[in-house]
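> can't give you the sequence, but here's the structure:
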């Protein structure tokens, strides 16, 4: 992935933060309406090409998930020191396999795959243990103008939004005066 490539080429630290794009979607998610399927299907060739160049599989989802559960579960994973691994699995399950992140069985499977206690994660998430963290994160990202995913913010000055060519990331590094480590 591009972030890992950046980390290999530059001395940077990465912190994954979740962004809930459509909080209006009910917790159980929604079937993708035909007009959105058509719109996404038309974009899918371009997205597939970009994803392919980034080494990522891309599956057009049948449902629009509400990502809130997954975002809160990710905070549990962060607390357990497994956030990056959990994020990677959730990312693969949604974008690469088309699984519905609104469903607890998908989130629990991701947790188990990275060695987390899925029952405890679900219980603490359902109890609201991570709600305030996600709310604070959302407020901070909104203040930075975040409005799309994937979103990469560099030094609170530059943003790269969406699947972009690697050159876009390199350009940001140049603006920040970062020197390649190779």
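Structure received. Just so you know, these numbers come straight off a predicted model, no measurement behind them. Numbers count the residues shown, from 1 in each chain.
> So what's the residue count around the nearest residue to residue 16 once chain neighbours are set aside?
Of all residues beyond its chain neighbours, the one nearest residue 16 is residue 87 (5.0 Å), with distances taken as C-beta to C-beta, 6 or more residues apart in numbering. (C-beta placed from N, C-alpha, C; glycine too.) Residue 87 is flanked by 19 other residues according to other C-beta atoms under 10 Å.
> From what I see, residue 87 and residue 74 are in contact.
Yes: using C-beta atoms under 8 Å, residue 87 makes contact with residue 74 at a distance of 6.2 Å.
> got any residues that touch both of these two?
Common contact partners of residue 87 and residue 74 (C-beta atoms under 8 Å, 6 or more residues apart in numbering): residue 16.
> ok so, going back, quick one, what contacts the residue nearest to residue 16?
Counted by C-beta under 8 Å, 6+ apart, residue 87 has contacts 16, 74, 77.
> Buried only: go through the residues you listed for me.
Burial by neighbour count, judged by 16 or more other C-beta atoms under 10 Å, picks out 74, 77 from the contacts of residue 87.
> can you pull the contacts of residue 76?
Going by C-beta under 8 Å, 6+ apart, the list of residues near residue 76 reads 111, 116, 120, 121, 124, 125, 129, 130.
> what secondary structure does it sit in?
Secondary structure assignment for residue 76 (DSSP: H, G, I helix; E, B strand; the rest coil): helix.
> if I look at it, how far off is residue 93?
Residue 76 sits 16 Å away from residue 93, going by C-beta to C-beta, to the nearest Å.
> Check which element follows the least confident helix or strand in the chain by mean pLDDT along the chain.
Least confident helix or strand of the chain, by mean pLDDT, DSSP states H and E, is helix 34-53 with a mean of 66. Later in the chain than helix 34-53, the nearest helix or strand by DSSP states H and E is strand 63-64.
> residues in contact with that next one?
In contact with strand 63-64 (C-beta under 8 Å, 6+ apart) are residues 22, 25, 29, 30, 31, 32, 36, 100, 102.
> Under the pLDDT cut-off, which ranges of the protein? List them.
1, 37-48, 50-51, 53-56, 163, 179-182 (pLDDT under 70).
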